Each structure stands twice: as structure tokens, then as C-alpha cells.
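Asker: Sequence below, structure please.
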Amino acid sequence: SSSKASFAAGSSVSGDSLARSLQATADTKTGAGFLVVVAPRKEHLKLVADLSNEVGSKTCIFLLNARLRGRSKPDALRDDLAEQYNAVFHARLVGSRGEGLVYRALQDGSSPWVVARRELPKTVATELWQSIEEPSSDRLQTEFPS
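Answerer: Prediction:
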């Protein structure tokens, strides 16, 4: 069985180039292929969203450092992609001084999201909460008020 792979770096790839890369990943007989998109900008995410519907589920698309989660401003496109794409690894600091940590590393198909408090300047964190659901901004505001 043949599969194709393509790599695109978001900061240096034009929309047309990314479109060609994504379309080239699909095997003409099976539709199977892989695409890795690194640090995509909004226009690249829009293209990925549009084209991923065309190539179907047989083409695996990996979004690295796509910043889909943990934003302070609403973004419908990123919210939609965050629902479609499973966070295999995620880590970000939260709280006004970065005293909190949201973390997830997918294992065995399902892993909890963990919210922890760091005792600054130490790097050791104490777990406060975990759930299969990603923590909401309200939950994080409760744990780490401004």
C-alpha cells in the first residue's frame, strides 16, 4: 500500500502552495496520505479546514503549534478546528503570572486534561483538577483569578 506525505511550514508557505501540498498528499486510488502543518497562520487554518473536508478521513492532518486552544479572544475558525482535532499534546501557562498550568498528553486513546498550580519560581506543580473535558476559561478564572 502506498501513502504520500507532505510537510508545510505555516510561516513560509503561501495558501496556493499549501493547497497543492494538501491535494498532493491524497493517493489517487485510496485517498490516503499525511500532511504536517507547522505553526499555521489563520489563512492556512482556513485552507486546512476547507481542504480537509475534500480529502476525507483517509488523509491524516497533523497541526503542530496551531494555537487552537487557550486564546484570550474568540476565534470561530480555531474553535471549530479545536473541536475537530484531538489535542495529542498540550501545555500552556495560565494565570496573571503564569502560576497555573494546563496540560494533556494523550495515552491509550484518552487522557484527562490537568490543571495545576506552580509555586513560583519552582517548577513543581500541584494538581488542582482533572477531567476528560478541556477546562473552560471560566474554570481557569476560578482557579487563577486575575
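Asker: the strands in the protein, which residues?
Answerer: In chain order, the chain shows strands spanning 4-9, 33-38, 59-64, 89-94, 100-105, 113-118, 125-131, with DSSP state E as the criterion.
Asker: by contact count, what packs against the longest helix seen in the chain?
Answerer: For the chain, the helix that runs over the most residues, judged by DSSP state H, is helix 42-55. Helices and strands touching helix 42-55, as assessed by 3 or more C-beta pairs under 8 Å, 6 or more residues apart in numbering; DSSP states H and E, comprise helix 15-25, strand 33-38, strand 59-64, helix 76-84. (C-beta placed from N, C-alpha, C; glycine too.)
Asker: need the helix or strand of this protein with the lowest average pLDDT.
Answerer: Considering only helices and strands, the least confidently modelled element of the chain by mean pLDDT, DSSP states H and E is strand 4-9, at a mean of 51.
Asker: Could you list the domains of the chain?
Answerer: Domain assignment for the chain by automatic domain parsing gives 1-85, 87-146.
Asker: Mind telling me which of those domains the model trusts least?
Answerer: When the domains of the chain are compared by mean pLDDT, domain 1-85 comes last with a mean of 76.
Asker: which residues does residue 91 contact?
Answerer: For residue 91, the contact set (C-beta atoms under 8 Å, 6 or more residues apart in numbering) comprises 101, 102, 103, 104.
Asker: mind checking how far the closest residue to the first one other than its chain neighbours is from residue 45?
Answerer: In this structure, residue 101 finds its nearest non-sequential neighbour in residue 116, 4.7 Å apart by C-beta to C-beta, 6 or more residues apart in numbering. Distance of residue 116 to residue 45, computed by C-beta to C-beta, to the nearest Å: 29 Å.
Asker: Give me the more crowded residue out of these two.
Answerer: A direct count of neighbours by other C-beta atoms under 10 Å for residue 116 and residue 45 places residue 45 higher, at 21 against 18.
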